[in-house]
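A.B. asks: build me a model from this:
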Amino acid sequence: MAGKPKPTPERRCKNCNKKMYRKRFSGRLEDFGAFMRRVYCNQTCMAEGYVSDTPSQQQLMKRARKFLTNQCASCGTSQNLQSHHIDQNRANNCVENIQTLCISCHAVHHHHARRVGKTVAGRMECRGLPPEYLTESLNLKPSEIP
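C.D. replies: This next block holds a predicted model:
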């Protein structure tokens with residue numbers, strides 16, 4: 001038995017601030033939950049609303065992947081590589097702030113930093129890599145090798 005539809009709260013479009021109404025599809029009223037999740041009044045507003053000055057986390061991570069080298073800076077593996085932000089600021093994608101780590105070393109590094117109470121993880125030390133790799137691939141001077 002179909003009852004009265006729920007009273008619809010007033011919702012406004014995030015982009016143009018127009019009042020939004022529940023849509024009708026083949027004579028049926030839009031689902032209440034779908035209406036409550038809707039943020040924009042139409043697709044045009046949605047497209048304009050997505051254009052923003054601040055990039056999303058996915059866009060920032062994609063930018064950081066451009067600076068990956070072909071080996072983990074800690075263990076030397078070439079599989080499952082990730083970009084580690086030394087200052088933990090994903091928006092800072094300069095070459096000096098990106099360190100290539102495998103997923104395992106990256107997790108261990110952040111776990112260890114949290115255990116010792118560091119708020120910024122910093123650069124991970126290199127374990128068992130030959131000095132040639134450090135000087136040639138990472139462009140480090142011999143005095144900078146940890």
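
A.B. asks: what's the spacing between stretch 105-125 and its chain's center?
C.D. replies: 19 Å (C-alpha atoms, centre = their mean, to the nearest Å).

A.B. asks: wait, stretch 14-31
C.D. replies: What separates the centre of stretch 14-31 from the centre of its chain is 31 Å, taken as C-alpha atoms, centre = their mean.

A.B. asks: show me the shaky parts of this protein.
C.D. replies: 1-3, 5-6, 50-53, 119-121, 126-146 (pLDDT under 70).

A.B. asks: what's the domain layout of it?
C.D. replies: Listed by automatic domain parsing, the domain ranges of the chain are 11-50, 57-144.

A.B. asks: for residue 4, find the nearest of those.
C.D. replies: When the domains of the chain are compared by C-beta to C-beta, domain 11-50 sits nearest residue 4, at 10.8 Å. From N, CA and C alone the C-beta is placed, and that goes for glycine too.

A.B. asks: so for that closest one, what gets flagged as buried?
C.D. replies: Residues of domain 11-50 classed as buried: 11, 13, 15, 20, 22, 35, 38, 40, 41, 45 (neighbour count, 16 or more other C-beta atoms under 10 Å).
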